[in-house]
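Trainee: got a sequence here, can you model it:
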Amino acid sequence: MPRIELARNGAIALDLIEGRMPMMGIRLFLPALVRLFLPALLLLLAPVTYAAAQAADAPATAGQLANGRCEKLAGMEIPNAVITSAKSFATGTYTAAEANGGSEIAKYANLLPGFCRVLAKATPSADSNIVIEIWLPLAGWNGKLQGTGNGGFAGSYDIPELAAYMAKGYAAAATDTGHTGSPIDASWALGHPEKVVDFGRRSIHEMTRVAKLVIAQFYASAASHSYFIACSDGGREALMEAERYPDDYDGILAGDPANNWTSLLTSAITDTQALMATPASFIPLKKIATIAHAVLKQCDALDGVTDGILNDPRQCRFDPATIECKNGEDTDQCLTAAQVAALNTIYGGVKDERGRTIFPGYLPGAEEGPGGWGLWITGPAPGHSLMEAFGNGYYSDMVYEKADWDLKTFSVEAGLRLARQKTSSVLDSNDADLKPFYSRGGKLIIYHGWDDPAIPALSSVNYYQSVVDTLGQATTDSFARLYMVPGMQHCEGGPGPDTFGQSPMWKPDPHYNARTALELWVEKGTAPAAIIATKQVAGAQEAGSTPTAPVMTRPLCPFPQAAKYKGAGDTNAAENFVCAAEKK
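Mentor: Residues are numbered from 1 along each chain as shown. Reported below is the predicted structural model:
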């Protein structure tokens with residue numbers, strides 16, 4: 001089992017089971033879908049690429065390589081930015097040694113079509129060092145820019161994701177957001193407020209600005225359309241673009257967004273405090289299973305299908321007291337009074353001193369599984385969860401600016417007030433007034449897993465509702481959609497279908513692919529309806545193989561609709577469900 005060291009004052013160690021990591025959705029390692037399908041995609045595209053090199057595109061490709069069009073980009077003059085490298089690669093000549101993607105791309109680097117790789121550095125402030133990478137197809141460019149995002153505290157980006165988009169014809173761009181390091185380490189922020197600004201709101205805009213200039217120079221034509229797709233912190237970045245820089249992108253796909261950053265990481269601290277309130281408060285992994293089984297026993301059948309998935313966890317009124325230990329016992333099949341109190345805090349969310357909810361808690365149904373609470377909320381031991389690492393890193397390095405800050409001293413009133421004063425304007429992307437983005441014709445799709453154990457699903461529900469309250473339902477419907485995903489954990493994984501186009505490798509059919517549906521909405525005006533989500537057999541693929549038949553499909557419905565079972569037929573087949581409004 002690999003051990004990840006969190007480099008924050010003496011290092012917190014998290015033992016994480018191999019295979020659990022790809023499902024984390026925060027780019028600690030490469031996303032599972034990219035790793036799974038990119039080799040197959042490149043194998044599929046390779047014959048097309050080679051054929052194109054011998055057909056209509058061949059003269060242009062050869063010309064670009066011959067006259068050094070790519071290398072000439074190094075001489076571009078860009079305000080507050082510089083091109084540090086521009087190098088072209090003929091089809092099949094790119095190697096893993098060229099990438100920071102390492103061994104992950106070594107297996108299929110020789111399958112990549114010819115492209116121009118550009119590295120740039122943007123410096124909007126004296127303390128800025130925003131690394132940007134852009135991949136430009138030498139042949140077959142589809143005229144579009146695809147921006148990609150980050151996870152956690154960023155500090156890196158995915159070469160395979162750039163490769164996948166470029167292989168499909170996009171000019172693709174990525175950034176480290178202004179610093180280098182682990183996505184679960186915020187020590188870079190200590191004493192560097194401008195780097196926090198870069199991470200929070202400036203870097204994706206700088207990436208986009210530079211990429212558009214490079215594209216126009218290289219192709220002698222501006223991109224016809226620009227898209228941004230990302231999840232987790234990348235979802236926060238996506239909404240930041242829509243809110244602060246509405247001219248950057250025509251279409252945005254924002255997944256499980258951490259857009260209420262200050263409140264979310266306040267929740268991380270209060271949940272950790274609750275689990276460490278007394279030695280008896282911590283909930284060990286074996287009891288997580290007990291909680292999950294009790295939730296399913298009470299609520300699984302509420303949606304008419306007993307399948308281990310809560311279609312809408314808001315309907316589940318689970319009371320932790322129902323599994324409280326009796327007569328002073330303490331076994332894995334029950335919770336102590338202290339553990340019940342901790343669980344109520346996790347479900348209940350962040351409260352102010354009057355008991356009013358400031359930020360929603362986690363919904364029942366997300367507790368178990370390799371990407372569940374044992375990874376994100378409770379951890380293998382007290383104070384060793386991912387959310388503790390994020391909350392502690394945020395408050396110690398960005399808010400209090402004290403590397404030795406002790407979360408036990410935290411109070412919601414004082415802490416959240418200071419956090420909002422110092423960082424909300426650069427980290428939070430929860431402004432519901434999206435009128436500028438709407439007015440220029442932008443389209444927005446948000447999705448969120450109901451079983452997300454990292455970012456409470458109600459955060460996205462509340463944000464969407466605030467947009468409706470601000471702009472009205474009719475206006476919101478004309479440019480924005482929210483899809484809640486039953487059974488999906490953070491960005492992917494969980495018991496429910498979790499694949500619907502978040503990855504560039506998924507089938508392009510807009511009925512199954514949110515990314516394709518977004519492009520169709522932007523370019524043709526066809527608004528998306530239900531999107532079919534698919535669940536594959538875990539671990540069933542070998543690199544380069546054909547995807548197996550899905551084990552489950554289920555329609556994702558535009559919120560507030562939800563998928564309802566028709567009452568007959570295979571409950572694992574999407575055609576036996578219909579989108580309908582939830583009963584109030």
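
Trainee: buried ones in stretch 304-316?
Mentor: 305, 307, 309-313, 316 (16 or more other C-beta atoms under 10 Å). Quick note: C-beta positions are derived from backbone N, CA and C, even for glycine.

Trainee: let's have the residues you listed in JSON lines, adding distance to H192, pLDDT and secondary structure.
Mentor: As requested, the buried residues of stretch 304-316 are exported to JSON lines (distance: C-beta to C-beta, whole Å; pLDDT from 0 to 100; DSSP: H, G, I helix; E, B strand; the rest coil):
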{"residue": "V305", "distance to H192": "51", "pLDDT": "95", "secondary structure": "coil"}
{"residue": "D307", "distance to H192": "48", "pLDDT": "94", "secondary structure": "coil"}
{"residue": "I309", "distance to H192": "43", "pLDDT": "96", "secondary structure": "coil"}
{"residue": "L310", "distance to H192": "42", "pLDDT": "97", "secondary structure": "coil"}
{"residue": "N311", "distance to H192": "45", "pLDDT": "96", "secondary structure": "coil"}
{"residue": "D312", "distance to H192": "42", "pLDDT": "96", "secondary structure": "coil"}
{"residue": "P313", "distance to H192": "39", "pLDDT": "97", "secondary structure": "helix"}
{"residue": "C316", "distance to H192": "43", "pLDDT": "97", "secondary structure": "coil"}
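
Trainee: from these, pick the one nearest Y395.
Mentor: P313 (28.4 Å; C-beta to C-beta).

Trainee: for the closest residue to the closest one other than its chain neighbours, what are its contacts?
Mentor: Counting by C-beta to C-beta, 6 or more residues apart in numbering, P313 lies nearest to L363, which is 3.8 Å off, once chain neighbours are set aside. Going by C-beta atoms under 8 Å, 6 or more residues apart in numbering, L363 touches 310, 313-314, 316, 347, 450-451, 456-458.

Trainee: how about D498?
Mentor: 449, 485, 487-489, 492, 533, 535.

Trainee: same thing but at 7 Å, please
Mentor: D498 makes contact with 485, 488, 492, 533, 535, according to C-beta atoms under 7 Å, 6 or more residues apart in numbering.

Trainee: same question, V350
Mentor: 263, 266-267, 270, 358-359, 412.

Trainee: quick revisit: wait, is the residue nearest to P313 part of a strand?
Mentor: No: under DSSP: H, G, I helix; E, B strand; the rest coil, L363 sits outside any strand and is assigned coil.

Trainee: how near is it to R317?
Mentor: 11 Å (C-beta to C-beta, to the nearest Å).

Trainee: run through the stretch 451-584 of the chain and note the low-pLDDT ranges.
Mentor: Low-confidence segments of the stretch 451-584 of the chain (pLDDT under 70): 538-549, 583-584.

Trainee: just the helices in it please.
Mentor: In the stretch 451-584 of the chain, helices defined by DSSP state H, counting those that start in this stretch lie at 457-471, 473-479, 514-524, listed in chain order.

Trainee: would you turn the ones you listed into TSV with mean neighbour count and distance to G114?
Mentor: Converted to TSV, these look like this (neighbours: other C-beta atoms under 10 Å; distance: least, C-beta to C-beta, whole Å):
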stretch	mean neighbour count	distance to G114
helix 457-471	20	40
helix 473-479	15	37
helix 514-524	20	24
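
Trainee: possible to save those as JSON lines with distance to L119?
Mentor: Output for the helices of the stretch 451-584 of the chain, formatted as JSON lines (distance: least, C-beta to C-beta, whole Å):
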{"stretch": "helix 457-471", "distance to L119": "34"}
{"stretch": "helix 473-479", "distance to L119": "35"}
{"stretch": "helix 514-524", "distance to L119": "26"}
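
Trainee: center of this structure - which residue?
Mentor: Taking C-alpha atoms, centre = their mean, the centroid of the chain lies closest to C231, which sits 1.6 Å from it.

Trainee: ok, that one touching G493?
Mentor: No: using C-beta atoms under 7 Å, C231 makes no contact with G493, being 11.7 Å away.

Trainee: what's near enough to touch P364?
Mentor: 295, 299, 310, 313, 316, 318, 347.

Trainee: same check, this time on N110
Mentor: N110 neighbours (C-beta under 7 Å, 6+ apart): G92.

Trainee: what does the pLDDT read for it?
Mentor: Here the pLDDT value assigned to N110 is 76.

Trainee: repeat for N142
Mentor: 97.

Trainee: next: A242.
Mentor: 98.

Trainee: quick one: what helix or strand has it in it?
Mentor: helix 233-244 (DSSP states H and E).

Trainee: V210 now?
Mentor: With DSSP H and E as criterion, V210 is part of helix 203-219.

Trainee: name the residues that touch that helix?
Mentor: 69, 73, 76, 78, 81, 116, 118, 120, 122, 124, 130, 132, 134, 136, 141, 145, 147, 149, 171, 173, 175, 177-178, 222-223, 237, 240-241, 245, 248.

Trainee: the same query, at a cut-off of 6 Å, please.
Mentor: Residues outside helix 203-219 that contact it (C-beta atoms under 6 Å, 6 or more residues apart in numbering): 76, 78, 81, 118, 120, 122, 130, 132, 134, 136, 145, 147, 171, 173, 175, 177-178, 222-223, 237, 241, 245, 248.

Trainee: repeat for stretch 287-299
Mentor: Against stretch 287-299 from outside (C-beta under 6 Å, 6+ apart): 310, 316, 318, 323, 332-333, 364-365, 367-368, 373-374.

Trainee: mind redoing it with 7 Å?
Mentor: Contacts of stretch 287-299 (C-beta under 7 Å, 6+ apart): 308, 310, 316, 318, 322-323, 332-335, 339, 343, 364-365, 367-368, 372-374, 378.

Trainee: ok, D451 touching P497?
Mentor: No: taking C-beta under 7 Å as the definition, D451 is not a contact partner of P497, at 11.7 Å.

Trainee: what angle sits between the helix holding V210 and helix 233-244?
Mentor: 80 degrees (axes from the mean of the first three to the mean of the last three C-alpha atoms, to 10 degrees).

Trainee: continuing past helix 203-219, what's the next helix or strand?
Mentor: strand 225-231.

Trainee: buried residues in that next one?
Mentor: 226-231.

Trainee: parallel or antiparallel, list what pairs with it.
Mentor: Using DSSP bridges, strand 225-231 pairs in its sheet with strand 144-148 (parallel), strand 251-255 (parallel).

Trainee: give the rounded mean pLDDT of it.
Mentor: Across strand 225-231, pLDDT averages out at 98.

Trainee: what does stretch 368-383 give?
Mentor: On average, stretch 368-383 scores 94.

Trainee: in that stretch, which of the residues would be classed as buried?
Mentor: 368-379, 382-383.

Trainee: ok, so what distance separates the residue nearest to Y245 when sequence neighbours are not counted from S425?
Mentor: Of all residues not flanking Y245 in the chain, H205 sits nearest, at 4.7 Å (C-beta to C-beta, 6+ apart). Distance of H205 to S425, computed by C-beta to C-beta: 15 Å.

Trainee: out of the two, which sits in the busier spot?
Mentor: Between H205 and S425, counting by other C-beta atoms under 10 Å, H205 is the more crowded of the two (22 against 11).

Trainee: ok, back up a step: JSON lines for the contacts of P364, including distance to K408?
Mentor: Converted to JSON lines, the contacts of P364 look like this (distance: C-beta to C-beta, whole Å):
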{"residue": "V295", "distance to K408": "30"}
{"residue": "C299", "distance to K408": "34"}
{"residue": "L310", "distance to K408": "34"}
{"residue": "P313", "distance to K408": "31"}
{"residue": "C316", "distance to K408": "32"}
{"residue": "F318", "distance to K408": "29"}
{"residue": "Y347", "distance to K408": "22"}
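
Trainee: and which of the residues you listed is nearest A254?
Mentor: Nearest to A254 among the contacts of P364, with distances taken as C-beta to C-beta, is P313, at 20.7 Å.

Trainee: could you measure from the closest one over to M552?
Mentor: 18 Å.

Trainee: same thing with E575?
Mentor: 12 Å.
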